[in-house]
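Asker: Sequence and predicted structure, then a few things I'm wondering about:
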Amino acid sequence: MGTHDSRAPGTVFLVGAGPGSPDLLTVRAATLLAGADLIVHDGLVDPAILALASADAQRISVAKSRARHSMPQSEINALLVREAQAGRDVIRLKGGDPFIFGRGGEEVQACREAGVPVEVVPGISAALGCAAEALLPLTHRDAASTVSFVAGQCKGLSEQDWSGLAGHGRTLVIYMGVATAHDIADKLMADGVSPIMPVAILESGTRHGSRAIRTLLADLGSVMARENVKSPALIVIGEVAGLSDAQERFAGYAALAALETEA
């Protein structure tokens with residue numbers, strides 16, 4: 001990689017950085033990072049991954065949070081196109097996989113419309129990586145044959161139809177749901193999901209200090225607050241979330257089910 005002939009555009013590489021640990025990068029991603037001269041990265045990319053790039057590589061953070069975006073998506077698109085048109089190869093480094101809530105589709109479209117070569121390097125998605133670390137299967141022959149991914153803050157929860165995505169035999173994985181956990185639980189219970197449906201909160205998966213917190217849907221919001229869960233964190237809702245500790249929790253589930261029946 002490097003600077004191209006000024007008459008030819010560079011290439012934009014949309015690279016998935018995986019769920020956090022540098023060990024989970026693809027070989028292609030690690031190779032591109034090692035030769036990068038410009039990296040445009042998200043805030044969720046672990047510093048240990050950025051450290052794999054040359055010390056001379058230029059790094060531009062376009063970190064986003066619920067309350068503040070350092071750079072609007074339209075400006076990120078323009079930055080990628082502008083640098084590539086100037087003849088530079090650009091690594092657009094994104095947490096997880098570029099096409100799973102990474103807005104990679106929008107960046108590909110911007111590059112193609114501008115005539116800029118673009119390549120997508122997939123990464124291990126946060127859902128797959130964090131669930132694997134927690135030994136939590138998202139599908140299981142005895143518990144779930146369907147898995148769905150949704151965003152917990154995308155365009156407002158009230159505008160999203162999640163009916164049928166959670167319940168018996170199904171797993172629902174919610175990204176970006178820390179701040180809206182109470183509303184998520186209320187929404188799903190209003191759709192008929194049992195209040196005692198098992199839930200796992202996967203915080204900082206594959207990173208230092210990661211933890212998996214098990215609870216029930218009715219308690220999701222209160223547990224999130226009591227445990228002071230911080231982003232990045234995923235919420236996994238479904239029977240699979242209770243598999244690893246099913247024996248320990250069986251008595252508790254039965255007692256809650258009895259209370260629910262009496263009510």
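Answerer: Right, received. Where do you want to start? Only a predicted model underlies this, so the values are computations on that prediction, with no experimental measurement involved.
Asker: end to end, how far does stretch 200-217 reach?
Answerer: The first residue of stretch 200-217 is 9 Å away from its last residue (C-alpha to C-alpha, to the nearest Å).
Asker: which intervals of the stretch 101-250 of the chain have sub-threshold pLDDT?
Answerer: 154-156, 244-250 (pLDDT under 70).
Asker: So which residues of it form helices?
Answerer: Assigned by DSSP state H, counting those that start in this stretch, the stretch 101-250 of the chain shows helices spanning 104-113, 126-133, 181-190, 220-226, 246-262.
Asker: The residue nearest to residue 63 when sequence neighbours are not counted and residue 127: what is the separation?
Answerer: Residue nearest to residue 63 in three dimensions, not counting chain neighbours: residue 43, with 2.8 Å by C-beta to C-beta, 6 or more residues apart in numbering. Backbone N, C-alpha and C define where each C-beta goes, glycine included. Using C-beta to C-beta, to the nearest Å, one obtains 19 Å as the distance from residue 43 to residue 127.
Asker: Equivalent analysis for residue 194, please.
Answerer: Applying C-beta to C-beta, the value for residue 194 to residue 127 is 22 Å.
Asker: so who does the residue lying closest to residue 236 once chain neighbours are set aside touch?
Answerer: Excluding its sequence neighbours, the residue lying closest to residue 236 (C-beta to C-beta, 6+ apart) is residue 200, at 4.4 Å. Neighbouring residues of residue 200 by C-beta atoms under 8 Å, 6 or more residues apart in numbering: 134, 136, 212-215, 235-236, 241.
Asker: who wins for most neighbours among the residues you listed?
Answerer: residue 241 (30 neighbours; other C-beta atoms under 10 Å).
Asker: Return the set of buried residues in stretch 24-35.
Answerer: By neighbour count on 16 or more other C-beta atoms under 10 Å, the buried set for stretch 24-35 is 24-26, 29, 32-33.
Asker: for stretch 115-129, that is, sorry about that
Answerer: 116, 118, 120-129.
Asker: Run through the bridge partners of the closest residue to residue 25 other than its chain neighbours.
Answerer: What sits nearest to residue 25 in space, not counting adjacent residues and going by C-beta to C-beta, 6+ apart, is residue 18, at 5.6 Å. Beta-bridge pairing for residue 18 (DSSP bridges): residue 96.
Asker: now residue 18: how far from residue 123?
Answerer: Taking C-beta to C-beta, one finds residue 18 at 5 Å from residue 123.
Asker: list residues touching both of those two?
Answerer: 25-26, 29, 95-96.
Asker: of those residues, closest to residue 88?
Answerer: Proximity of the shared contacts of residue 18 and residue 123 to residue 88 was ranked by C-beta to C-beta; the top entry is residue 29 with 18.5 Å.
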